[in-house]
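Asker: Pasting a predicted model and its sequence here:
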Amino acid sequence: MMTHSQNTIKLVAGNSHPELCKQISARLGIELSKVGAFNYTNQETAVAVGESVRDEDVYIIQTGCGETSINQFLMELLIIVNACKIASARRITAVIPNFPYARQDKKDKSRAPITAKLVANLLQTAGCSHVITLDLHASQIQGFFRVPVDNLYAEPSVLRYINENFAREDIIIVSPDAGGAKRVSSIADKLDVNFALIHKERKKANEVSRMVLVGDVTDKVCLLIDDMADTCGTLCKAAEVLLEEGGAKEVIAIITHGIFSSNAIERLNNSKLSRIICTNSMPLEDKLERCSILETIDISPTLAEAIRRLHYGESVSYLFNNAPA
């Protein structure tokens, strides 16, 4: 009786973040498959599957990004998933470091859509049988799926970065809003340091009206921890509050997903932040050159190890507390 060989991972790169795909490919020692998406002249997305994926384990790497292209990349992901499904792939896993529409996760005002649930339905309808993501904006999004979702954490990589770059007695961990209190208290516990949080009152989405600091940050290096930075208004305002009202020594932001849309880079350059560190879950393109305080943490080892463990049926929960070397 023939048994299915275990070494048949097919890695497929979407167009959203080619650099991350190459890093994951190099880390696993597996070449990217000949599956590509392109646009017709009328901007319809088409997919060419250039090799057999029959009875194979397919991993499609596509992150939700871009001010103008997030919908294009989501559509591209759905079409690649479906192309592999009807080409008889055994299992199709979407590796989506930054889950698109994750902020639209609840009905917080009348007639608001729950778009994250819609995205989950679309992925399953297309033929996705597993999802790997990173620092979901709201962990209940895992419950929007009827297929397994592995939500990985940047926390182990962030802890390693903090341990290598800061003295514990100098730092305090700060959440820029009440929603991130759980994330921040977890990091503070593991480092055995104090934490503070900033309560913000919003007038409307993406616009903060007033910030109140809860906790003592006097003469401390404040590490502002958040899951994503979009327009960076909150981070810049939080830095001012910590320095001017809290008497902090300096403020450094550490975030998972650096979206940096609109005029975020100009804001950061003019802000009171001394550094902003983000993972490479999103393509940063020319932003590193345009912003001298921006640094990155490589998250590809965590994603690559999750793919390897999932393929060989090993526990993925090891990665919740450990960052691969």
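Answerer: Thanks, I have the structure now.
Asker: so who does residue 246 touch?
Answerer: Listed by CB atoms under 8 Å, 6 or more residues apart in numbering, the contact set of residue 246 reads 196, 213, 216-218, 222. Every C-beta, even on glycine, is put in place using the N, C-alpha and C of the backbone.
Asker: Most neighbours among the residues you listed, please name it.
Answerer: Taking other CB atoms under 10 Å as the neighbour criterion, residue 222 ranks highest of the contacts of residue 246 with 27 neighbours.
Asker: The helix or strand hosting that residue packs against which elements?
Answerer: For residue 222, the element it lies in under DSSP states H and E is strand 221-229. Strand 221-229 sits against strand 171-175, helix 181-191, helix 233-240, strand 250-258, with contacts defined as 3 or more CB pairs under 8 Å, 6 or more residues apart in numbering; DSSP states H and E.
Asker: and the gap between the most centrally placed residue in the chain and residue 253?
Answerer: In the chain, the residue lying closest to the centroid (CA atoms, centre = their mean) is residue 98, at 3.7 Å. Using CB to CB, to the nearest Å, we find residue 98 at a distance of 17 Å from residue 253.
Asker: likewise residue 181?
Answerer: 17 Å.
Asker: Of the two, which one has the most company?
Answerer: Neighbours per residue, other CB under 10 Å: of residue 181 and residue 253, the larger number sits with residue 253, 29 against 15.
Asker: how much space between the closest residue to residue 24 other than its chain neighbours and residue 23?
Answerer: In space, residue 24 comes closest to residue 304 once its chain neighbours are excluded; the distance is 4.7 Å by CB to CB, 6 or more residues apart in numbering. With distances taken as CB to CB, residue 304 is found 8 Å from residue 23.
Asker: What of residue 295?
Answerer: Between residue 295 and residue 23 the computed distance is 17 Å (CB to CB).
Asker: pLDDT of the strand holding residue 222, averaged?
Answerer: Averaging pLDDT along strand 221-229 yields 96.
Asker: With stretch 153-166 instead?
Answerer: For stretch 153-166, the mean confidence score works out to 97.
Asker: ok, now stretch 232-243?
Answerer: 94.
Asker: Tell me how far it lies from the chain's centre.
Answerer: Mean C-alpha position of stretch 232-243 versus that of the full chain (CA atoms, centre = their mean, to the nearest Å) differs by 22 Å.
Asker: what do you get for stretch 196-207?
Answerer: Averaged C-alpha coordinates place stretch 196-207 at 21 Å from its chain's average position (CA atoms, centre = their mean).
Asker: Any buried residues in it, and which?
Answerer: Residues of stretch 196-207 classed as buried by neighbour count (16 or more other CB atoms under 10 Å): 196-198, 200.
Asker: So which of those are in strands?
Answerer: Among these, the subset assigned to strands under DSSP state E consists of 196-198, 200.
Asker: low pLDDT regions in the stretch 151-300 of the chain?
Answerer: Counting by pLDDT under 70, the stretch 151-300 of the chain contains low-confidence ranges at 202, 206-208.
Asker: what residues does the strand or helix carrying residue 124 touch?
Answerer: When secondary structure is defined by DSSP H and E, residue 124 falls within helix 115-126. Identification of contacts with helix 115-126 by CB under 8 Å, 6+ apart yields 74, 77-79, 81-82, 85, 94, 99-105, 131, 138, 141, 144-147.
Asker: what's the answer for stretch 28-48, then?
Answerer: In contact with stretch 28-48 (CB under 8 Å, 6+ apart) are residues 9-15, 21-22, 25, 49-51, 53, 58, 72, 75-76, 79-80, 83-84, 304, 307-308.
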